[in-house]
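1. The sequence and its predicted three-dimensional model are supplied below.
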2 protein chains.
Amino acid sequence: MAKVAPRTLSGFMELLPQQQMKMEKMMEALRHSYSVYGFTPLDTPVIESSEVLLAKGGGETEKQIYRFQKGDSDIALRFDLTVPLAKYVAANYGKLSFPFRRYQIGKVYRGERAQRGRFREFYQADIDIIGDGKLDIINEAEIPAIIYNTFKTLGISKFKIKVNNRKLLNGFYSMNGMSEKSAEIMRTVDKLDKIGAEKVKNLLIDDVHMLPCKAENVLDFMAIQGTNAEVIERLTQYKGMDETFDQGLEELIEVTKYLSAFGVPEENFAIDLTIARGLDYYTGTVYETEMTEHPEIGSVCSGGRYDNLAEYYTDKQLPGVGISIGLTRLFYVLQEQELLSDDIITSPCDALVLPMTDDMSYAISAATFLRTKGIRTQIYGEKKKFKGKMNYADKIGTPYVIFVGEDEINEKLLSVKDMVSGEQQKLTAEAAAELIMKSVNERNSGAVIKE
Amino acid sequence: MAKVAPRTLSGFMELLPQQQMKMEKMMEALRHSYSVYGFTPLDTPVIESSEVLLAKGGGETEKQIYRFQKGDSDIALRFDLTVPLAKYVAANYGKLSFPFRRYQIGKVYRGERAQRGRFREFYQADIDIIGDGKLDIINEAEIPAIIYNTFKTLGISKFKIKVNNRKLLNGFYSMNGMSEKSAEIMRTVDKLDKIGAEKVKNLLIDDVHMLPCKAENVLDFMAIQGTNAEVIERLTQYKGMDETFDQGLEELIEVTKYLSAFGVPEENFAIDLTIARGLDYYTGTVYETEMTEHPEIGSVCSGGRYDNLAEYYTDKQLPGVGISIGLTRLFYVLQEQELLSDDIITSPCDALVLPMTDDMSYAISAATFLRTKGIRTQIYGEKKKFKGKMNYADKIGTPYVIFVGEDEINEKLLSVKDMVSGEQQKLTAEAAAELIMKSVNERNSGAVIKE
């Protein structure tokens, strides 16, 4: 029979079992971390009506979207988790309690040009807090804590949460009479990291057509750095000139005020006035997160405050704040950089039971016992030579092998081999379970990312 | 601005938060149960090349599939998890260890006619064990244990795993010279439950054109019931007449032999010769699972042994055995029948912290502490009156509310209100955490399905 090549589409991540296990650990860590902050899990369809998905319309989105006809329906695959959230909240407004806090980890689709490290199907891991009409600034202050806890749980400690406030920027541009050019200025300033202050200044003068003194004003402002207290002190000097600026400063003060109560060390946090995050969606605090020893990765968790989540679906004013992790890309980069731990267990089982007799009753009973204890147990029942069986144990990387032969059956014991140390001992089922659980729990307490 | 109606497509399940939480608990129970049996989690793309998905081609599948063009690519959404598994195993054959045991819980897509309780996007929760060339019968014997443990974990005890072996059926038809009509006979016998033996007999005579004595033979065979030992004894009387039958009987004996070692009570298991599960895919043991007090739901977990998983992609012989739970439909039916527990916690948080002072530092510190203990904690920081805050607590159904006012701050205590009993007490943060954890763990130890 002619065969069809078993290929996976390019731009679609499909992992081998051991990698997949690491991905699962990442997702588990995210679910746990998001839950601990009181977010409810949400699951929305991958397919939506195109009219709903493209209500906002225009731009890159429309070009990249997977859109098609099924029967009479014009439908499309979601390209983010924010639009489905907006739809969900608008549709279920009367049944939800506000602030509505949800997390969603799900696949989204964008038909980008295929290239290494770019995915057309990828997981986003989002949290959002949606208010009804109003949303207190305390929610913006809480976000860094969630980011901090999430990355700590994943195993990273060398990262920085960079925070800015759009009102500070807008206010600053306004007080300098640059509001009209603010979009252009922000795009240019965004290059600071890459090309340095001098070149940005020249661009501002030559391309954005700013007066040199104004360009310097911008660069001086963007260069404000230091501890939170120092930055706020510097910013306070601009106070009283623009209402929006003053409001932004007040918000920034609120956001930094509770950091230590929220358990975020100051070394993992920085006010960074160069962060802008897109041009029109965000209206208040904005966030980026950088792995300090891997700035080349870019922001691994970004988001911000917005004023109106669902304006295309409802008249209700629904302000919110949210962050998103591009999980598939993050996983890909971590793997590339060899930052995923090899210490965690990626075997499908913690214990592999090898029956050495024809009647497997005793071996099966032993496995059943271990399973009731929560130990992930596999029985290898294939009729292979001993070497073949051990080969399998090695290949799947099981931490423990349990031999069950005549002796073990007669003595009502199990021979437990630690595949890391090579040590083998005869134990009761109870003692074997205890030993395995202790060691497995230890190894599983390690994080999925190493530094 | 004109609004777009925020609608969800018909045939796509989208749950409110409290229902979603129950769904999550079901998925968590499945992940746990499958893992304990040594299955590795797998995740494959939702989109595949149409050529790959439709390699087998034909039939209902092709009509129902979501298939479309993107650029030059003819692509489609997966309609089950078995075809992607076949592709995966064929593509990664050299990198996998066999038997390859994987579970996958994922969404699949079928453009069925929309009707109540029918879904176009739905979760399947599958496990499969794939052998390389051979696969020992012990794997078929293990499946009932997995089904048993899974449904026990979900909270069901009144269910029956019905098992048959296709070789018994094929052998029986062959020894009676009915092989050619076997498909038709099986379709007719399938109606036994609905229309009874007499009418089936008439159909076999009138429509399938069988001699009355042959029709009776069939019905006598199908009527074999009793304990495993009794059924096997009755079947042994047919022994020696057909090789396939004898092999099927041997396999059935092996499958029942280890049931008690696997921890499956005989009351949850029954040999049922009327089970056939489709006509050509399965070749050995077949499984169905019935909720005994809700037979109208039909089989909630089905599967069987097959000889060649990936014949459309590779020359390698890859026999396997697998089962599948149609999770979305199961969830829907359980909800309809009011079989989902209301005792488990469906609130986004276990504890809702209500700061009663302007400075929230102490309240936030308390929340941070509870979170480090793994307690799902939300801070309600909106500026509302007390009644509005309590209203929110009631609506989200939080088990505990923690008040933090001047008194609590001065005394370094927390006022903890149990929202079920109404009891309120002042406790240290440590004591509060202990109290909440204990009660939450108790409630969470309950199962998601009630009987």
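-> Cool, got the structure. Numbers count the residues shown, from 1 in each chain, chains lettered A, B, ... in the order given.
2. Name the helix or strand of chain A that has the lowest mean pLDDT.
-> None of the helices or strands of chain A scores lower by mean pLDDT, DSSP states H and E than helix A:59-64, at a mean of 80.
3. buried ones in whichever helix or strand comes after it?
-> Counting by DSSP states H and E, the next helix or strand C-terminal to helix A:59-64 is strand A:67-70. Buried positions in strand A:67-70, judged by neighbour count with 16 or more other CB atoms under 10 Å in any protein chain shown: A:Arg67, A:Phe68, A:Lys70. Placement of C-beta: from N, CA and C, glycine included.
4. Can you list the helices and strands that strand A:67-70 packs against?
-> strand A:73-77, strand B:67-70 (3 or more CB pairs under 8 Å, 6 or more residues apart in numbering or on different chains; DSSP states H and E).
5. TSV for the ones you listed, including mean pLDDT?
-> Formatted as TSV, the helices and strands packed on strand A:67-70 follow (pLDDT from 0 to 100):
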stretch	mean pLDDT
strand A:73-77	96
strand B:67-70	92
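6. Can I get these in JSON lines including distance to A:Gly320?
-> Converted to JSON lines, the helices and strands packed on strand A:67-70 look like this (distance: least, CB to CB, whole Å):
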{"stretch": "strand A:73-77", "distance to A:Gly320": "23"}
{"stretch": "strand B:67-70", "distance to A:Gly320": "32"}
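7. Out of the ones you listed, which gets nearest to B:Pro212?
-> Set against B:Pro212 and scored by CB to CB, the helices and strands packed on strand A:67-70 come closest in strand B:67-70, at 48.1 Å.
8. Show me what the lengthiest helix in chain A is packed against.
-> Looking across chain A with DSSP state H, the single longest helix is helix A:17-36. Helices and strands touching helix A:17-36, by 3+ CB pairs under 8 Å, 6+ apart, are strand A:40-41, strand A:100-109, strand A:121-130, helix A:138-154, helix A:327-336, strand B:40-41.
9. give me every residue that touches A:Ile185.
-> A:Tyr173, A:Met178, A:Leu204, A:Val208, A:Met210, A:Val218 (CB atoms under 8 Å, 6 or more residues apart in numbering or on different chains).
10. Just give the nearest non-adjacent residue to the residue nearest in space to the middle of chain A, would you?
-> With distances taken as CA atoms, centre = their mean, A:Ile325 lies nearest the centre of chain A, 3.2 Å away. Closest residue to A:Ile325 apart from its sequence neighbours, by CB to CB, 6 or more residues apart in numbering or on different chains: A:Ala125 at 4.3 Å.
11. ditto for A:Phe403
-> A:Ser415 (4.1 Å).
12. wouldn't the one you found be in contact with A:Lys426 here?
-> Yes: with contact defined as CB atoms under 8 Å, A:Ser415 reaches A:Lys426; the gap is 5.3 Å.
13. The two: which is more packed in?
-> A:Ser415 (19 against 14; other CB atoms under 10 Å in any protein chain shown).
14. same for the host helix or strand of that one, what does it pack against?
-> Assigned by DSSP H and E, A:Ser415 belongs to strand A:414-418. Contact here means 3+ CB pairs under 8 Å, 6+ apart; on that basis strand A:414-418 packs against strand A:400-404, helix A:406-411, strand A:424-427, helix A:429-444.
15. Present those as TSV; the columns should include mean pLDDT.
-> Converted to TSV, these look like this (pLDDT from 0 to 100):
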stretch	mean pLDDT
strand A:400-404	98
helix A:406-411	97
strand A:424-427	98
helix A:429-444	96
